[in-house]
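1. Fold the following, please.
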Amino acid sequence: MYNKMQLLLILLLIVNSTFESECSCDQLGEKDCKIAKQCKFDQNSCQLKSCQDYSISECNYIPNCNSENNVCKDHFWSTCADIPLEVCEFRENCAINNENQCKEFTKCEDYQFSGNGNCNLKNVNCYNGQDGHCKKKTLIGNCSEVHEDCEKYQMLDTKQCVVSTDNKCVSIQVTQCSNMNGTPACSFYQECNWDITTSICSEKRCSDLSSQNCNGAIKNLNGDQMVCYWDGGVCQKMNSIEDLSETNCYQSTNGQHTWRDGECQECSSFGGLVILINYLIYLF
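-> Residues are numbered from 1 along each chain as shown. As a prediction, the model looks like this:
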């Protein structure tokens, strides 16, 4: 008779076995290993790369690595100060300050910009001021109340104020591309297609992609995603995992599946199911 703790552990193991995650290097065969940027095939096995395995040009874009004296070395990113400048402002709450250092974001007015600098990269609530300093956006009730300098404002409900194609200040909620119809701001979002002729903002589709960027998932602004794969000279939307082959299984699923035993299998299920089976054997 199982006790409550045993049943809870079984449930946790089942959840773990079905949770989607990226394949670990030791779960990949030689072909997929050579595709995976974080892995290397060495001594007949797929292994996780160390920082020393990356080139200097790649190094600062790899988490917990940093280039020092022309060598890529281990460097744990525990605070903003540990993060290379190249990726500093991709990290939430980190910003490059006026001393060209990556530090925790403070407030918009503490930062200067020059040339094509964009204060909005420091924080979504900042905009480029006319004096070369970043400024904090002003909260208002409705963007239509604004008649100039639209980018300085943000609505109380977090909607953004942007300029429309007919030069009016309008509000947008960046949750789906169609919300940005008539606003060139659409072109800033890689999840959307901006048609400059019709001023229509639409969700990207697999058929919009070329052979170079087809394999993988397209994310929508609301977090949903579709998987695309190249087949028959066309980028197609995957309807089921059975659509994929050995040549596109790994890439088309963003590294969450690999080709094994003649089919495209989810990597995360391997380890979790083995543990689950072993534990059930132990109970019986």
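2. do you know how far the nearest residue to Pro84 once chain neighbours are set aside is from Cys192?
-> Once flanking residues are discounted, Pro84 sits nearest to Asn60: 3.6 Å by CB to CB, 6 or more residues apart in numbering. Backbone N, C-alpha and C define where each C-beta goes, glycine included. With distances taken as CB to CB, to the nearest Å, Asn60 is found 29 Å from Cys192.
3. the more surrounded of the two?
-> Cys192 (22 against 18; other CB atoms under 10 Å).
4. Next, count neighbours for Gln38.
-> Gln38 has 16 nearby residues by other CB under 10 Å.
5. Now do the contacts for it.
-> Cys25, Leu48, Lys49 (CB atoms under 8 Å, 6 or more residues apart in numbering).
6. tell me, what residue is most central in the protein?
-> Lys219 (8.9 Å; CA atoms, centre = their mean).
7. Gln225 is in contact with that one, correct?
-> Yes. Counting by CB atoms under 8 Å, Gln225 is a contact partner of Lys219 at 4.6 Å.
8. on that earlier part again, got the contact list for the residue nearest to Pro84?
-> Asn60 neighbours (CB under 8 Å, 6+ apart): Asn66, Ser67, Pro84, Leu85, Glu86, Val87.
9. Number of residues surrounding Val146?
-> 19.
10. actually Ala185, not the one I wrote
-> 20.
11. Tell me the predicted confidence for it.
-> On the pLDDT scale, Ala185 is placed at 89.
12. what's it sitting at in phi/psi?
-> phi -60, psi -20 (degrees, to the nearest 10).
13. Show the contacting residues for the closest residue in space to Gly216 that isn't next to it in sequence.
-> Among residues not flanking Gly216 along the chain, Asn254 sits closest, at 5.4 Å (CB to CB, 6+ apart). Asn254 is in contact with Glu22, Gly216, Ala217, counting by CB under 8 Å, 6+ apart.
14. Identify those among the residues you listed that sit within strands.
-> Gly216, Ala217 (DSSP state E).
15. Is Asp53 in contact with Lys40, as I believe?
-> Yes. With contact defined as CB under 8 Å, Asp53 reaches Lys40; the gap is 5.9 Å.
16. circling back to that earlier point, for PyMOL, write a command that selects the buried ones of the contacts of Gln38.
-> Per 16 or more other CB atoms under 10 Å, the buried members of these correspond to this PyMOL selection:
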select buried, resi 25+49
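17. could the contacts of Gln38 go into a markdown table alongside distance to Asp149 and secondary structure?
-> Putting the contacts of Gln38 into a markdown table (distance: CB to CB, whole Å; DSSP: H, G, I helix; E, B strand; the rest coil) gives the following:
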| residue | distance to Asp149 | secondary structure |
| --- | --- | --- |
| Cys25 | 51 | helix |
| Leu48 | 50 | strand |
| Lys49 | 48 | coil |
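18. In CSV, list the contacts of Gln38 along with distance to Ser207 and pLDDT.
-> Shown next, in CSV, are the contacts of Gln38 (distance: CB to CB, whole Å; pLDDT from 0 to 100):
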residue, distance to Ser207, pLDDT
Cys25, 33, 96
Leu48, 36, 96
Lys49, 35, 96
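19. would a markdown table of the contacts of Gln38 with distance to Asn125 be doable?
-> Converted to a markdown table, the contacts of Gln38 look like this (distance: CB to CB, whole Å):
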| residue | distance to Asn125 |
| --- | --- |
| Cys25 | 40 |
| Leu48 | 38 |
| Lys49 | 37 |
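20. where does the protein dip in pLDDT?
-> 1-20, 269-284 (pLDDT under 70).
21. quick one, helices of it?
-> In the chain, the segments counted as helices under DSSP state H are 4-18, 30-35, 56-59, 85-88, 249-252, 268-283.
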